[in-house]
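*Asks:* Need a 3D model of the following:
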Amino acid sequence: MEDYFEYRHTVGFEETNLVGNVYYVNYLRWQGRCREMFLHERAPEVLVEVRDDLKLFTLKVDCEFFAEITAFDELSIRMQLVDLAQTQLEFSFNYVRLAAGGESTLVARGRQRVACMRGPNNRTQPARVPEALVRALSPFRARNGAQLVGTRRA
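*Replies:* The predicted model follows:
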């Protein structure tokens, strides 16, 4: 079993510029999409909380590029949990171009810091990371230097 959650994506023309390279903003969109699909597939009970009053605010996002990708490249966006505090999480994302024959190339690497908040929009307050989310993320903890601060014991 892999220690990352994988979201597969095929690059489309609308994600490229006139020269055929992918716009940088799409890498950030794919981070968000990967996170959403994780919730949908692995933690649907957290989505119920999001519909209620849980808010997942993206505090910080970054991406480092190593190689260009173009339309119809097949990507694997691989998300891991690298930090877990009482009210925040941090994820890493590896963007891997997949090729025929099982070859793959790391084309970019990113990170995203998320805060959990609750309450009405004009008075949100920090909130603990939901237990269901902690459980769902446990198989996807980064093995190299993951700092899991303030985790609760079951």
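*Asks:* Quick check: phi and psi at Pro120.
*Replies:* Dihedral pair for Pro120: phi -60, psi 150, per degrees, to the nearest 10.
*Asks:* Same check on the one 4 residues further on?
*Replies:* Here the main-chain torsion angles of Thr124 (degrees, to the nearest 10) amount to phi -70, psi 150.
*Asks:* Check what pLDDT it gets.
*Replies:* Thr124 is assigned 92 on the pLDDT scale.
*Asks:* give the contact list for it.
*Replies:* Each residue near Thr124 by Cβ atoms under 8 Å, 6 or more residues apart in numbering is listed here: Lys55, Met117, Arg118. C-beta: built from backbone N, CA, C; applies to glycine.
*Asks:* Leu137 is in what secondary structure piece?
*Replies:* Following DSSP states H and E, one finds Leu137 within helix 131-137.
*Asks:* List the buried residues for that helix?
*Replies:* Going by neighbour count (16 or more other Cβ atoms under 10 Å), the buried part of helix 131-137 is Ala132, Leu133, Val134, Ala136, Leu137.
*Asks:* Just the mean pLDDT for that helix, thanks.
*Replies:* 97.
*Asks:* Out of the contacts of Thr124, which end up buried?
*Replies:* Among the contacts of Thr124, those classed as buried by 16+ other Cβ under 10 Å are Met117, Arg118.
*Asks:* now the contacts of Thr124 in CSV, with distance to Glu64?
*Replies:* Putting the contacts of Thr124 into CSV (distance: Cβ to Cβ, whole Å) gives the following:
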residue, distance to Glu64
Lys55, 28
Met117, 28
Arg118, 33
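*Asks:* Turn the contacts of Thr124 into a markdown table, including distance to Glu15 and pLDDT.
*Replies:* Shown next, in a markdown table, are those (distance: Cβ to Cβ, whole Å; pLDDT from 0 to 100):
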| residue | distance to Glu15 | pLDDT |
| --- | --- | --- |
| Lys55 | 28 | 96 |
| Met117 | 30 | 97 |
| Arg118 | 34 | 96 |
